[in-house]
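Engineer: Let's see this in three dimensions:
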Amino acid sequence: MISTRIVAFAARGWSFLTMLSVIGIVVVLASGYRATRDWEQGVATRIAHQTEESADLIIKAISRDMRGAQATILANRDWDAPLPADTADSDITEQVATTFARYPYPESFFTWRGGRHGMIFFSRSTRLPPWMPRQNQAIDSPITVVVDPPVGEQVRQRVLSCVGAQLRYAVFDTVLAGVPYQVVARVTYVDPLRQHLESVSGFTVNLDWVRTEYFADILTEVGPSASGGLTQDVALLDNDNRRVFGSSIDAPPMAERAFPLLFMDTSDTASDLPPDITLRQWKLRVNAARDPMLLSAHRRADTTLLAIGVAAIVFGVSLVLARRTVMKDAKLSEMRSRFVSSVTHDLKTPLANIHALAATLARESQSTSERYRAYPHLVMQEATSLGRLVDNLLAYARITDVAEAYAFEPMAAAELVDEALKGFQPQLAENRIRIDVEAPADLPFVRADQRAMVLALKNLIDNALRHARSGGDGHVRISARRVGPTAFIEVQDDGCGISAKKLAAVRESIASRTFAPTDGGGLGLAIASTVIADHGGTLTVDSALGKGTRCVIGLPVC
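Structural biologist: A predicted model of the protein is given here:
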């Protein structure tokens, strides 16, 4: 049929459209995911690059400050001038005070002329070393000067080992009075062959103080200016990976730089360092995982992906609903086409019979045969069938287009049965079918629309009469009873019955309130099912081949 082809074409079209839509959704999701992740990665890359630059700036600032005392003081030609033998002159004291003010990490400066001359130490009066003997100074001076303190000989011996190796710098780690120190000293010689010592000048660095104070101060000062406006976490770790400065960072560092814990410039003095020197490598780690811009990029990326996913899901659900609607419309169109085909056939049959009977009566108008006297009854019967079909069509239009509402009122079940049986007397007499009615008068009322419910009963009774046995053996039983809050009206015939397969199709049709007539009974059963359901009732159909069919209507009592 054409309608079936239309439904199949619609199904194939929607399947193709669904496939294209799914592919489109996947492409949109993939494109959106890629674009969002690329944008997020771009922000992360830019922040990572800026973090790398911040790490370089911080390392540059630390390195420049750590080698400042050696590069600007020890390498200064002023220290090459003849030094006093036993004490410091005012020029050296002033130069040392200036260096102390500029660089915080030197704890003491010292000078030595070699030989029997004493080793002179210049220390900060406000931060005396633990090994420095306390003295009562008559003058309040920022510099405390001591000649040959208790640690002087220890420092002298380590310096002499470097002099013996003819090195320009003596750099070593040692422990003075139980405190770890780094000593950096410049050695000058009288002759170019470095065989005769002229003088030694250097400084000591308290490594414990450096760990607790120096790096915290310099990183606190340099970090914000080197961050470039980013929110960064800066951490400093020693050679044993113990945290020196900064908080714990769970995320991996974006930038990591290693630098030696050495307070001098080795760019042009590497060959003049002791060969046995061990440089401890500390690490600087910089992370911008808490930066608001990066966190916002992650949140916006996740929000964008979520929005794209929700939109895709909504689109998919809308597509499914649209497909269901279109398929329902296509099936409805097919159902109506089959309905028109079936009803047209049902209408043509009584019309053809009426036309044939009328023609016969016209030709045999003078005949008094008993056979022809029965024709008017046949015409009336066919007209009744035609009227019932028209009523069904009107009822179908009414219950599918709810422009006309039901008019509910309390009615007796027996009254509904009597009203439905009025139009079947000629048919009962013609087919010699016996009908038994059992409707007690004390049954409670049901709330029903008389016109619609009588039509539903007529369709069930008509089906029973058409399928009952003819020739005097046919029997139809109609009964009414009450069970609890429900009144039941039963119509049962003793006809040929319905096969299990067809009965399953009828039950499915009733349950889904659809209608696909293949013979004359489909429309009436569909109308009865819909009317009863609209009354809040139930319709059940049971049948067995060779034993008949039983239809039971259940309506709530008033």
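Engineer: Every contact and neighbour count from this point should use C-alpha atoms.
Structural biologist: Will do.
Engineer: Ramachandran coordinates for K422?
Structural biologist: Backbone torsions for K422, taken as degrees, to the nearest 10, come to phi -60, psi -40.
Engineer: what do you get for R116?
Structural biologist: When read as degrees, to the nearest 10, the backbone of R116 gives phi -90, psi 0.
Engineer: That one: neighbouring residues, count only.
Structural biologist: R116: 8 surrounding residues under other C-alpha atoms under 10 Å.
Engineer: all helices in the protein, in order from the N-terminus.
Structural biologist: Secondary structure of the chain, counting by DSSP state H: helices at 2-66, 68-69, 90-102, 152-164, 207-209, 215-226, 292-363, 370-373, 375-400, 413-421, 425-431, 450-467, 500-512, 521-534.
Engineer: what about those helices, which gets the closest to K547?
Structural biologist: Closest to K547 of the helices of the chain, according to C-alpha to C-alpha: helix 450-467, at 11.1 Å.
Engineer: what's the closest one packed up against?
Structural biologist: Judged by 3 or more C-alpha pairs under 8 Å, 6 or more residues apart in numbering; DSSP states H and E, the packing partners of helix 450-467 are helix 375-400, helix 413-421, strand 486-493, helix 521-534.
Engineer: as a whole number, average confidence for the third one?
Structural biologist: The reference is to strand 486-493. For strand 486-493, the mean pLDDT works out to 93.
Engineer: Just the CA atoms of that strand, as CSV, please.
Structural biologist: Extracted in CSV, the C-alpha atoms of strand 486-493 (Å, rounded to 0.1, in the frame of the first residue of the first chain):
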residue,chain,number,x,y,z
THR,A,486,-17.5,-1.5,39.8
ALA,A,487,-20.5,-2.4,37.7
PHE,A,488,-19.8,-5.0,35.0
ILE,A,489,-21.8,-5.4,31.7
GLU,A,490,-21.0,-8.6,29.9
VAL,A,491,-21.8,-9.4,26.3
GLN,A,492,-21.1,-13.1,25.3
ASP,A,493,-21.9,-15.0,22.1
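Engineer: angle of it against helix 413-421?
Structural biologist: 30 degrees (axes from the mean of the first three to the mean of the last three C-alpha atoms, to 10 degrees).
Engineer: For strand 486-493, give me every contacting residue.
Structural biologist: The contact list for strand 486-493 (C-alpha atoms under 8 Å, 6 or more residues apart in numbering) reads 413, 443-444, 446, 460-461, 464-465, 467-468, 474-482, 548-557.
Engineer: Filter the residues you listed down to just the buried residues.
Structural biologist: 413, 444, 446, 460-461, 464-465, 467-468, 474-482, 548-557 (16 or more other C-alpha atoms under 10 Å).
Engineer: out of the residues you listed, which are inside strands?
Structural biologist: Under the assignment DSSP state E, these contribute 446, 475-482, 548-556 to strands.
Engineer: can you list the helices of the chain in TSV and add mean pLDDT and distance to E256?
Structural biologist: Shown next, in TSV, are the helices of the chain (pLDDT from 0 to 100; distance: least, C-alpha to C-alpha, whole Å):
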stretch	mean pLDDT	distance to E256
helix 2-66	79	7
helix 68-69	87	23
helix 90-102	80	28
helix 152-164	91	34
helix 207-209	94	22
helix 215-226	87	14
helix 292-363	73	19
helix 370-373	60	116
helix 375-400	65	77
helix 413-421	89	93
helix 425-431	69	104
helix 450-467	87	87
helix 500-512	68	71
helix 521-534	78	78
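Engineer: mind checking which of those is nearest S123?
Structural biologist: Across those, S123 has its closest neighbour in helix 90-102 (8.8 Å, C-alpha to C-alpha).
Engineer: Identify each buried residue in stretch 307-325, please.
Structural biologist: I308, G309, A312, G316, L319, R323.
Engineer: cool, and stretch 448-459?
Structural biologist: Result for stretch 448-459 [16+ other C-alpha under 10 Å]: buried residues A448, D449, Q450, A452, M453, V454, L455, A456, L457, K458, N459.
Engineer: likewise stretch 225-240?
Structural biologist: Neighbour-count burial for stretch 225-240, counted by 16+ other C-alpha under 10 Å, picks out A226, S227, L230, T231, Q232, D233, V234, A235, L236, L237, D238.
Engineer: Might you report the residue contacts of the residue nearest to the fifth one when sequence neighbours are not counted?
Structural biologist: Excluding its sequence neighbours, the residue lying closest to Q232 (C-alpha to C-alpha, 6 or more residues apart in numbering) is A288, at 4.4 Å. The neighbourhood of A288, defined by C-alpha under 8 Å, 6+ apart, consists of I47, A48, T51, L230, T231, Q232, D233, M254, L294.
Engineer: Torsion angles phi and psi at the closest residue to the fifth one other than its chain neighbours?
Structural biologist: Counting by C-alpha to C-alpha, 6+ apart, T231 lies nearest to D291, which is 4.6 Å off, once chain neighbours are set aside. The main-chain torsion angles of D291 are listed as degrees, to the nearest 10 and equal phi -70, psi 130.
Engineer: Hmm, D291 is touching Q232, no?
Structural biologist: Yes: D291 sits in contact with Q232 when judged by C-alpha atoms under 8 Å, with a separation of 6.7 Å.
Engineer: Now do the residue nearest to Q232 against G114, distance only.
Structural biologist: Applying C-alpha to C-alpha, to the nearest Å, the value for A288 to G114 is 53 Å.
Engineer: cool, G229 as well?
Structural biologist: G229 sits at a distance of 53 Å from G114 (criterion: C-alpha to C-alpha).
Engineer: what about the residue nearest to T231, how many residues close to it?
Structural biologist: 16.
Engineer: can you check P485 too?
Structural biologist: 11.
Engineer: who are the neighbours in contact with it?
Structural biologist: When contacts are counted by C-alpha under 8 Å, 6+ apart, P485 is found next to P556, V557.
Engineer: Now it. Its backbone dihedrals?
Structural biologist: phi -90, psi 10.
Engineer: Return the closest of the buried residues of stretch 448-459 with respect to L207.
Structural biologist: Nearest to L207 among those, with distances taken as C-alpha to C-alpha, is A448, at 102.4 Å.
Engineer: quick one: S15 and I23, what's the gap?
Structural biologist: 12 Å.
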